[in-house]
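>>> A predicted structure for the sequence below; I have some questions about it.
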Amino acid sequence: MTEPLFDAAVIGGGFAGTSLALQWRAQLPPGARIALFEAGPRLGPGLAYGTTDPGHVLNVPAGGMSLLPAQPASFTEWLATRPDAPEAPPEGGPIFAPRQLFGAYLEEQLAAAIEGAGATIQPLRQPVEAVERLPEGGFRLRAGRESWRAKRVVLAVGGFAAKPGAGALPHLAGNPWDPATLEGIDPEAPVLLVGMGLTMVDMLLSLRRRCHRGKVTGISRHGWLPLAHLAGPLPPPWPVEPPEGASPVALCALLRRAMAEAAAAGRPWQAVIDGIRPHVQRIWRGWSLQQRASFLRHGRSLWNLHRHRLAPSVARFVAEQRASGMLETLAARLGEWQPAPDGSASATLRLRGGGERRLSVARIILCIGPDGGSGWREAAPVPALLEAGLARPDPLGLGLEIAGPDGTLLDAGGQPVPGLQAIGPLTRGGLWEITAVPEIRNQAALVADA
């Protein structure tokens, strides 16, 4: 049987794959064919925006969440047509929309493109298990006994969720996004959340929406909770111009000076972080491997704390939970744990300042989030690509090694593989700042324009 031939194939139908498919469709002539592979239940939202909990809101204002760089108001215009759109906050400022609404926006935009005239986007609801380079050029993609050919292939898999069944329910949940994670928890029983980033906040919100009234303990190495966006109108970014070759230590000093100068001018620290954001990829690419490793050891947690911020309403909720004693936060690590005779779990926390603390909880939920996991190694077809030598991990283990910003993969020998690319979080090792919507859609535009 003849294998279907596509001009391009996108593996992964979340935000990154959807943005690329739509931008490719705009570039390719009528009659061109784009394959969009997605094995999950929905095309468009992916893991990041597939939540159905209305309490999970975007941590970026709605105005920054368009699918396409050329249409920056696309999401806000779509949101304005929805009867269930959130109201503007009473203090003024931007809207932070529920993530499930953004997922619906992605679904609708993709569905309209699939039905529209021009280049064809063909959804294929199967996991691509392997990608082979063909001697005559192009690639073969395999899923079970089926196969397809494509001239170009782009991996757009996030791959940050734990594998199905990870953990040991009912006591330890390794994947916070598994629907079973919060099932069967006694409403009065205590819960332990390991990791205190945005994923932990989502789990806290979901527990409370399920009428859970027990105490929640959150732990992380530093015991820091995410910081918040300002309530009210967003200040313009504070101009920050890092010099070429600035080391991590020099960059930290530069940011501290800029924050002091901004404060003296009556501007908040958030404006400084927003001001340096456009330079982050250039800074990262200019660092040596040793400098990148140093940043990951000493600066990553502090950077994430300031960079990935909570919507003001969510930050108020977290503050209220702490003030009431319903949420306790500790600088600690999870040591050993074991099931107890009464059906709970007994966990040992190793405190940062020394000593240990024992907790009896109904469930332990690992909330390490995308930045702390290596689930990308198990996201098909990554294992097969590594085994075939068509890709290799970046030296720091953050994702796959790439030749440049367009995400062209390097093979096992360090040579670029023309026509085989990755976009989004898989390219963190080469770009670092590539997990948020603005950076991903710009990277997708770079790939599509080529």
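Okay, I see it. It should be emphasised that the depicted structure is a prediction, and the values quoted were computed from it without experimental measurement.

>>> what are the ranges of the strands in the stretch 101-250 of the chain?
Ranges of strands in the stretch 101-250 of the chain, per DSSP state E, counting those that start in this stretch, are 120-124, 130-133, 139-143, 146-155, 167-168, 172-173, 191-194, 216-220.

>>> now what about the fourth one, what contacts it?
Going back to what we said before, that points to strand 146-155. 3-12, 17, 20, 35, 124, 126, 131, 134, 137-141, 381-382, 385, 400, 407, 409, 419-423, 426, 447 (CB atoms under 8 Å, 6 or more residues apart in numbering). The C-beta positions use only the backbone N, C-alpha and C, and glycine is treated the same way.

>>> Equivalent analysis for stretch 242-256, please.
240, 272-273, 276, 279, 283, 286-287, 291, 294-295, 298-299.

>>> just the buried members of the residues you listed?
Buried subset of the contacts of stretch 242-256 (neighbour count, 16 or more other CB atoms under 10 Å): 240, 272-273, 276, 279, 283, 287, 291, 295.

>>> Now tabulate these in a markdown table and tack on distance to residue 60.
Output for the buried ones among the contacts of stretch 242-256, formatted as a markdown table (distance: CB to CB, whole Å):
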| residue | distance to residue 60 |
| --- | --- |
| 240 | 19 |
| 272 | 17 |
| 273 | 13 |
| 276 | 16 |
| 279 | 18 |
| 283 | 21 |
| 287 | 26 |
| 291 | 28 |
| 295 | 23 |
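
>>> From those, pick the one nearest residue 55.
residue 273 (25.3 Å; CB to CB).

>>> Next SSE downstream of the strand ranked longest in the chain?
When the chain is parsed with DSSP state E, its longest strand is strand 327-339. Later in the chain than strand 327-339, the nearest helix or strand by DSSP states H and E is strand 345-351.

>>> so which of the strands of the stretch 101-250 of the chain gets nearest residue 183?
Of all the strands of the stretch 101-250 of the chain, it is strand 172-173 that lies closest to residue 183, at 9.7 Å by CB to CB.

>>> Sheet partners, orientation included, of that closest one?
Strand 172-173 sits in its sheet next to strand 167-168 (antiparallel), strand 363-366 (parallel), going by DSSP bridges.

>>> Lowest mean pLDDT across those strands, which one is that?
Sorting these by mean pLDDT places strand 167-168 lowest, at a mean of 64.

>>> so where is the stretch 51-200 of the chain shaky, pLDDT-wise?
Within the stretch 51-200 of the chain, the segments meeting pLDDT under 70 span 159-169.

>>> so how far is residue 379 from the closest residue to residue 144 other than its chain neighbours?
Using CB to CB, 6 or more residues apart in numbering and skipping the chain neighbours, the partner closest in space to residue 144 is residue 129 (7.2 Å). Per CB to CB, to the nearest Å, residue 129 is found 11 Å from residue 379.

>>> Neighbour count for those two, which is higher?
residue 379 (20 against 14; other CB atoms under 10 Å).

>>> Residue 384 is in contact with residue 377, correct?
No. The criterion here is CB atoms under 8 Å, and residue 377 misses it with residue 384 at 11.7 Å.

>>> quick one: secondary structure of the closest residue in space to residue 122 that isn't next to it in sequence?
Excluding the flanking residues, the one nearest residue 122 by CB to CB, 6+ apart is residue 35, at 5.5 Å. Classification of residue 35 using DSSP: H, G, I helix; E, B strand; the rest coil returns strand.

>>> who's in contact with residue 35?
The neighbourhood of residue 35, defined by CB under 8 Å, 6+ apart, consists of 4, 6, 8-10, 122, 124, 141, 148, 150.

>>> Just flag the most distant two among those residues.
It's 4 and 10 that sit farthest apart of the contacts of residue 35, by CB to CB, at 14.6 Å.

>>> Pick out whichever of these two has more residues nearby.
Using other CB under 10 Å as the criterion, residue 4 and residue 10 rank with residue 10 on top: 31 against 15.

>>> quick one: the more buried one from residue 184, how far?
38 Å.

>>> now do residue 392
Taking CB to CB, one finds residue 392 at 42 Å from residue 184.

>>> neighbour-wise, which of these two wins?
Shown here are residue 392 and residue 184; by other CB under 10 Å, residue 392 has more neighbours (16 against 10).

>>> I'd assumed residue 399 was in contact with that one.
No. The criterion here is CB under 8 Å, and residue 392 misses it with residue 399 at 10.7 Å.

>>> For residue 193, see how far away the residue lying closest to residue 312 once chain neighbours are set aside is.
Nearest residue to residue 312, sequence neighbours excluded (CB to CB, 6+ apart): residue 231, at 4.1 Å. To residue 193, residue 231 is 25 Å away according to CB to CB.

>>> more crowded one of those two?
Counting neighbours by other CB under 10 Å for residue 231 and for residue 193 shows that residue 193 has the greater number, 27 against 15.

>>> what pairs with that one across the strands?
As for beta bridges, residue 193 partners with residue 218, residue 365 under DSSP bridges.

>>> Residue 54: what's it in contact with?
Counting by CB under 8 Å, 6+ apart, residue 54 touches 98, 100.

>>> Now the phi/psi pair for it, please.
Note on residue 54: backbone dihedrals following degrees, to the nearest 10 are phi -70, psi -10.

>>> so how far is stretch 260-275 from its chain's centroid?
Computed by CA atoms, centre = their mean, to the nearest Å, the chain-centroid distance of stretch 260-275 equals 26 Å.

>>> got it, and stretch 114-126?
On CA atoms, centre = their mean, the centre of stretch 114-126 falls 25 Å from that of its chain.

>>> what do you get for stretch 347-356?
Counting by CA atoms, centre = their mean, stretch 347-356 is centred 30 Å from the centre of its parent chain.

>>> For it, buried residues please.
Per 16+ other CB under 10 Å, stretch 347-356 contains these buried residues: 347, 349.

>>> contacting residues around it?
For stretch 347-356, contacts defined as CB under 8 Å, 6+ apart pick out 192, 219, 221-223, 330-337, 357-361, 364.

>>> returning to what we had before: where's the residue nearest to residue 312 relative to residue 292, distance?
35 Å.

>>> sorry, back to before: in helices only, show me the buried ones among the contacts of stretch 242-256.
272-273, 276, 283, 291, 295 (DSSP state H).
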